[in-house]
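> sequence and predicted structure below; questions after.
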Amino acid sequence: QVQLVESGGGLVQAGGSLRLSCAASGSFFDMIAMAWYRQAPGNERELVAHLTQFNNKQLTNNIADSVKGRFTFSLDNANNTGYLIMNSLKPEDTAVYYCNADFHTTRGRRDYWGQGTQVTVSS
């Protein structure tokens, strides 16, 4: 079993910054991909950033157009932790942010979700 734990959310004023973390723990061979999604009340879940890797070497790193230039996504394989750095935050970035990751495990390829972390941006 694999666990993903997000942290770093909170309340920030518009123009501010936050760094979200997604820490993976448990039993797995390697991490294939990690992604951040967000969901605001009444809205569908939106993909914010997605990263893939092979043998811990990054293959792709894509950021949604809505946050491009403001958000960056990186993965620290030594600590099995992904970081979403969010700058120049806007009120429309307010949402619950979820981490999702794909792993090679003893039961084959599996993906897992974190519990979510609230980000609130005040105007």
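Sure, I can see it. Numbers count the residues shown, from 1 in each chain.
> any idea where the strands of the chain begin and end?
For the chain, the strands defined by DSSP state E cover 2-7, 10-13, 18-26, 30-39, 46-54, 57-63, 71-76, 81-86, 95-105, 108-113, 117-122.
> touching, residue 21 and residue 7? I think so.
Yes - if you go by C-beta atoms under 8 Å, residue 21 and residue 7 touch, sitting 5.0 Å apart. Just so you know, the C-beta spots here come from the backbone N, C-alpha and C atoms, and that holds for glycine as well.
> the more surrounded of these two?
residue 21 (18 against 14; other C-beta atoms under 10 Å).
> now the more buried one, which residues is it bridged with?
Applying DSSP bridges to residue 21 gives these bridge partners: residue 7, residue 83.
> got a list of what the residue nearest to residue 80 when sequence neighbours are not counted touches?
Spatially, and ignoring its direct neighbours in sequence, residue 80 is nearest to residue 24 (4.2 Å; C-beta to C-beta, 6 or more residues apart in numbering). Neighbouring residues of residue 24 by C-beta atoms under 8 Å, 6 or more residues apart in numbering: 2-4, 31, 80-82, 101, 103, 112.
> for residue 117, see how far away residue 24 is.
15 Å (C-beta to C-beta, to the nearest Å).
> again, but for residue 110
22 Å.
> more neighbours, those two?
Neighbour comparison, residue 110 and residue 117: the larger count goes to residue 117, with 22 against 15 (by other C-beta under 10 Å).
> excluding chain neighbours, what is closest to the more buried one?
Nearest to residue 117 is residue 9, by C-beta to C-beta, 6+ apart, at 3.4 Å.
> which residues touch that neighbour?
18, 20, 97, 117-119.
> switch the residues you listed over to CSV; also include distance to residue 40 and pLDDT.
CSV is the format used below for the contacts of residue 9 (distance: C-beta to C-beta, whole Å; pLDDT from 0 to 100):
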residue, distance to residue 40, pLDDT
18, 16, 98
20, 15, 98
97, 10, 98
117, 14, 97
118, 11, 98
119, 10, 98
